[in-house]
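Task: produce atomic coordinates for the following.
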Amino acid sequence: MTTENKVTIKVNDNGSLRVTGPVELVDAEGNPFDHKESFSLCRCGASNNKPFCDGTHKSIGFESAPRAKKE
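A predicted model of the protein is given here:
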């Protein structure tokens, strides 16, 4: 996979999922959401702009900082 085709999803500490790269985001019926090549998805469930993050996690005290297991 070349760098230009690579999609990265970063789990931000106490915040959103940051998606970077060429990806299609669709709803349950397959309808595409308009978005830029880099965007953040809500992880706390409190955004007023779901599925996108609007920063609400900061005001509600959302906490989650998972780490991938190292082999």
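
Can you pull the poorly scored residue ranges out of the protein?
For the chain, the stretches with pLDDT under 70 are 1-3.

Show me where it has its helices.
Remark: helices assigned in the chain by DSSP state H are 56-60.

can you pull out the strands in it?
Along the chain, counting by DSSP state E, strands occupy 8-11, 17-20, 38-41.

mind checking which of those is nearest residue 71?
strand 8-11 (18.1 Å; CB to CB). In this view, the C-beta of every residue, glycine as well, is placed from N, C-alpha and C.

Is it possible to get JSON lines of the strands of the chain that adds mean neighbour count?
Shown next, in JSON lines, are the strands of the chain (neighbours: other CB atoms under 10 Å):
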{"stretch": "strand 8-11", "mean neighbour count": "12"}
{"stretch": "strand 17-20", "mean neighbour count": "16"}
{"stretch": "strand 38-41", "mean neighbour count": "16"}
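
Can I get those strands in TSV including distance to residue 58?
TSV is the format used below for the strands of the chain (distance: least, CB to CB, whole Å):
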stretch	distance to residue 58
strand 8-11	16
strand 17-20	15
strand 38-41	12
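
which one of those strands lies closest to residue 64?
strand 8-11 (8.1 Å).

Relative to the closest one, what are the paired strands and their orientations?
According to DSSP bridges, strand 8-11 has the following sheet partners: strand 17-20 (antiparallel).

Off-centre distance for the partner strand?
How far strand 17-20 lies from its chain's middle: 4 Å, per CA atoms, centre = their mean, to the nearest Å.

related to what we said a few turns ago, do you know which of the strands of the chain lies nearest residue 51?
Here strand 38-41 is closest among those (CB to CB), at 5.4 Å.

Point out the other helices and strands that that closest one packs with.
Here strand 38-41 touches strand 17-20, going by 3 or more CB pairs under 8 Å, 6 or more residues apart in numbering; DSSP states H and E.
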